[in-house]
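S.K.: Pasting a predicted model and its sequence here:
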Amino acid sequence: MKKSFFKFLNRVNKAVLPKLSGKDPNSLTKLQKAILAYRYFVLVNSLD
């Protein structure tokens, strides 16, 4: 149940949230860092 929820959430994130992979993490704003951390958290939980 948990894994399928995070897989669904990951698909929604890919469609809605901006992609920050091409940018330097040190130059991101606090909000962009929070989005990046959230996307990483969801991705890791969907892969477990």
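M.R.: Ah, there it is.
S.K.: In the protein, which residue is most central in space?
M.R.: Central residue of the chain (Cα atoms, centre = their mean): residue 39, 1.0 Å from the mean position.
S.K.: ok, now which ones touch the closest residue to that residue other than its chain neighbours?
M.R.: Using Cβ to Cβ, 6 or more residues apart in numbering and skipping residues adjacent in sequence, the residue nearest residue 39 is residue 13, 5.6 Å away. For every residue, glycine as well, the C-beta is placed using N, CA and C. Shown here is residue 13, whose contacts under the criterion Cβ atoms under 8 Å, 6 or more residues apart in numbering are 38-39, 42.
S.K.: Closest one of those to residue 20?
M.R.: Residue 20 lies nearest to residue 39 out of the contacts of residue 13, by Cβ to Cβ, at 7.9 Å.
S.K.: what helix or strand does the closest one sit in?
M.R.: Applying DSSP states H and E as the criterion places residue 39 in helix 30-47.
S.K.: Alpha carbons of that helix, as CSV, please.
M.R.: Output of helix 30-47 as CSV, limited to C-alpha atoms (Å, rounded to 0.1, in the frame of the first residue of the first chain):
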residue,chain,number,x,y,z
LYS,A,30,15.4,27.5,0.2
LEU,A,31,12.1,26.8,-1.5
GLN,A,32,13.8,25.0,-4.4
LYS,A,33,15.9,23.0,-1.9
ALA,A,34,12.7,22.0,-0.1
ILE,A,35,11.1,20.9,-3.4
LEU,A,36,14.3,18.9,-4.3
ALA,A,37,14.3,17.2,-0.9
TYR,A,38,10.6,16.4,-1.1
ARG,A,39,11.0,14.9,-4.6
TYR,A,40,14.0,12.8,-3.3
PHE,A,41,12.0,11.6,-0.3
VAL,A,42,9.1,10.5,-2.5
LEU,A,43,11.4,8.8,-5.0
VAL,A,44,13.3,6.8,-2.4
ASN,A,45,10.1,5.6,-0.8
SER,A,46,8.6,4.6,-4.1
LEU,A,47,11.7,2.4,-4.9
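S.K.: Now do the buried residues in it.
M.R.: By neighbour count on 16 or more other Cβ atoms under 10 Å, the buried set for helix 30-47 is 35-36, 39, 42, 46.
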